[in-house]
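Undergrad: next comes the sequence, and after it the predicted model I'd like to discuss.
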Amino acid sequence: MTQRWNVSGAAESVRHAALNEAAAMLRDGATVAFPTETVYGLGADARNTEAVARIFEAKGRPSDNPLIVHIADRSQLEELTTPPEEAVSRLLEAFWPGPLTVVLPVRPGVLSPLVTAGLTTVGVRIPDHPVALELIAAAGCPVAAPSANRSGRPSPTRADHVWEDLAGRIGGLVDGGPTGVGVESTVVQYVPAAAAGGRPAGGGVLHILRPGGVTAAQLERALPGVAVREAAAHQDPGEAPRAPGMKYAHYAPRGAMTLFRGRPGTAPEQVLARMQRELDEARARGERTGVLTYGEHEAAGWRADCVIACGRLDDLDEAARRLYDALRAFDEAGVGFIAAEACPEAGIGAAIMNRLSKAAGDRLIDV
Ligand code: TXA
Ligand code: MG
């Protein structure tokens, strides 16, 4: 039995009582799913190995993939990690609370070894969501929380997505309404100048291990003199991934998705025409078909069973918010073949393209 509390729009006293119950469950070693500003997380006391093991079990998550630890207040960071470099402190000033996870050297023995998956580092963030902050503060412990989906499925941006994947497998679910950003936090790791081979002059390098809610341009503005190195959306198979989670096929709908991207100079119509050719072939094979496109191209005369416009190309923030809901909608429509249109990789588009290429299992066609 999974307990469910609805706190969205609830009276202050109702919400307070619900979050106190949920916090008590966390302290007792149970798992509780809760909203953050990015996606719903599945939380457990990060110091308690039995509790953290329940997260991996409920999700079916590989044990070599470390978990992000969520705190409610900057002062909790000191217990978990060695003091951050000055550049990292500036980042925390600029983006916490918010969708930025910082990978730092972990203090030995303070967290369950399952959280760090044997690494000497831990990813930490303060979520920018009143429900998450109140829950973590009430629990009084660091809360390990991956996205609250079955492993490999699209991340949950609504409580019903969590319920669909995990009802009966977790202790509780706090329903705080739809999340805001829609894609997960940006995961970064700072390498100081000496360790980075003395380059660039004066500063170190900030590696984006996973693109997300905070964009590369925002990080560059916050850290003048530090080189920001973006993770490639499509990683060469031989290249060692720096965020262990990025090597798994991920975020995937049940149907097979192919991603279509225009080369520089290719007109959008040519990309749409190529998508339609592949859709026609899938229909000829007897498959139900789906199109993932944007508002600008929604009325392009698609021949497909299910057409979803995921926001607009001129408003990719909205596209990010709706992405995972769209991927799940294809499952509900029983679609077997999905043609997805690429978006520009600038700003939040980098995170959208990263998730789309994972969802497509790297089936990418350049037109
Ligand atoms: O927005 C988010 O980050 C959401 C919400 C719930 O906070 N959480 C989330 O967690 O997306 P998860 O477990 O689905 O993804 C965590 C990512 C994985 O790719 C993992 O490999 C990476 O962060 N990660 C965690 N700890 C790390 C570490 N010490 N070093 C490198 N990568 C790490
Ligand atoms: Mg996840």
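TA: Everything's here; your move. Ligands and ions are numbered 1, 2, ... in the order given.

Undergrad: just the element for the residue nearest to Val307 when sequence neighbours are not counted, please.
TA: Counting by Cβ to Cβ, 6 or more residues apart in numbering, Val291 is the residue found nearest to Val307 once chain neighbours are left out, at 4.6 Å. Backbone N, C-alpha and C define where each C-beta goes, glycine included. Element membership for Val291, per DSSP states H and E: strand 289-293.

Undergrad: please report how far the residue nearest to Val307 lies from Cys306.
TA: Separation of Val291 from Cys306 (Cβ to Cβ, to the nearest Å) stands at 7 Å.

Undergrad: number of nearby residues for the residue in the chain that ligand 1 sits nearest to?
TA: Closest contact between the chain and ligand 1, by Cβ to the nearest ligand atom, is at Gly245 (2.3 Å). Gly245: 24 surrounding residues under other Cβ atoms under 10 Å.

Undergrad: do Glu57 as well
TA: When neighbours are counted by other Cβ under 10 Å, Glu57 registers 12.

Undergrad: so it sits in a strand?
TA: No: counting by DSSP: H, G, I helix; E, B strand; the rest coil, Glu57 is not part of a strand but helix.

Undergrad: begin at 22, not 1, for the rest of this chat.
TA: Okay, residue one is now 22; in that scheme the one you just asked about reads as Glu78.

Undergrad: name the nearest residue to it, sequence neighbours excluded.
TA: Spatially, and ignoring its direct neighbours in sequence, Glu78 is nearest to Arg190 (7.7 Å; Cβ to Cβ, 6+ apart).

Undergrad: list the contacts of that neighbour.
TA: Going by Cβ atoms under 8 Å, 6 or more residues apart in numbering, Arg190 touches 23, 78-79.

Undergrad: that one and Asn27: what is the separation?
TA: Distance, Arg190 to Asn27, using Cβ to Cβ: 20 Å.

Undergrad: ligand 1 contacts on the stretch 172-321 of the chain?
TA: Residues of the stretch 172-321 of the chain lying close to ligand 1 by Cβ under 6 Å from any ligand atom are 205-206, 208, 230-231, 264-267.

Undergrad: tell me which of the residues you listed fall in strands.
TA: Among these, the residues falling in strands (DSSP state E) are 208, 230-231.

Undergrad: most neighbours among those residues, which one?
TA: Val208 leads those on contacts (other Cβ under 10 Å) with 25 neighbours.

Undergrad: that older thread, isn't the residue of the chain closest to ligand 1 up against Gly233?
TA: No: with contact defined as Cβ atoms under 8 Å, Gly266 and Gly233 do not form a contacting pair (11.8 Å).

Undergrad: let's have the ones in strands among the residues of the stretch 172-321 of the chain next to ligand 1 in TSV, adding distance to Trp117 and pLDDT.
TA: Putting these into TSV (distance: Cβ to Cβ, whole Å; pLDDT from 0 to 100) gives the following:
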residue	distance to Trp117	pLDDT
Val208	14	98
Leu230	17	96
Arg231	17	96
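
Undergrad: what distance do you get for Glu100 to Ala74?
TA: Glu100 is 22 Å from Ala74, by Cβ to Cβ.

Undergrad: oh, I was asking about Arg306
TA: Going from Arg306 to Ala74 by Cβ to Cβ gives 43 Å.

Undergrad: can you pick out the residue with more neighbours from those two?
TA: Taking neighbours as other Cβ under 10 Å, Arg306 and Ala74 compare with Ala74 leading, 16 against 10.

Undergrad: nearest spatial neighbour of the more buried one, skipping sequence neighbours?
TA: Closest to Ala74 by Cβ to Cβ, 6+ apart is Leu135, at 6.1 Å.

Undergrad: over to Phe358?
TA: If you skip the residues right next to it in sequence, Phe358 has Ala303 as its closest partner in space, 3.8 Å away by Cβ to Cβ, 6+ apart.

Undergrad: with Ala65 instead?
TA: That would be Ala72: by Cβ to Cβ, 6+ apart, it lies 4.0 Å from Ala65.

Undergrad: how would you label that neighbour: helix, strand or coil?
TA: Here Ala72 is helix, with the state taken from three-state DSSP.

Undergrad: surely it and Val53 touch.
TA: No: judged on Cβ under 8 Å, Ala72 makes no contact with Val53 at a distance of 10.1 Å.

Undergrad: could you pull out the helices in the stretch 22-171 of the chain for me?
TA: Under the criterion DSSP state H, counting those that start in this stretch, helices of the stretch 22-171 of the chain are mapped to 33-48, 70-80, 98-101, 107-116, 134-137, 151-160.

Undergrad: check whether the second one contacts ligand 1.
TA: No: residues of helix 70-80 contacting ligand 1 under Cβ under 6 Å from any ligand atom: none, with a closest distance of 8.8 Å.

Undergrad: list the contacts of the residue sitting nearest the centre point of the chain.
TA: By Cα atoms, centre = their mean, the chain has its centre lying nearest to Glu205, at 2.5 Å. Glu205 sits next to 59-60, 120, 168, 176, 231, 233-234, 372 when contact means Cβ under 8 Å, 6+ apart.

Undergrad: that one and Ala44: what is the separation?
TA: Glu205 is 23 Å from Ala44, by Cβ to Cβ.

Undergrad: show me where the chain dips below the pLDDT cut-off.
TA: By pLDDT under 70, the low-scoring segments of the chain are 216-223, 253-263, 267-270.

Undergrad: identify the residues contacting Arg48.
TA: The neighbours of Arg48, taking Cβ under 8 Å, 6+ apart as the test, are 66, 160-162.
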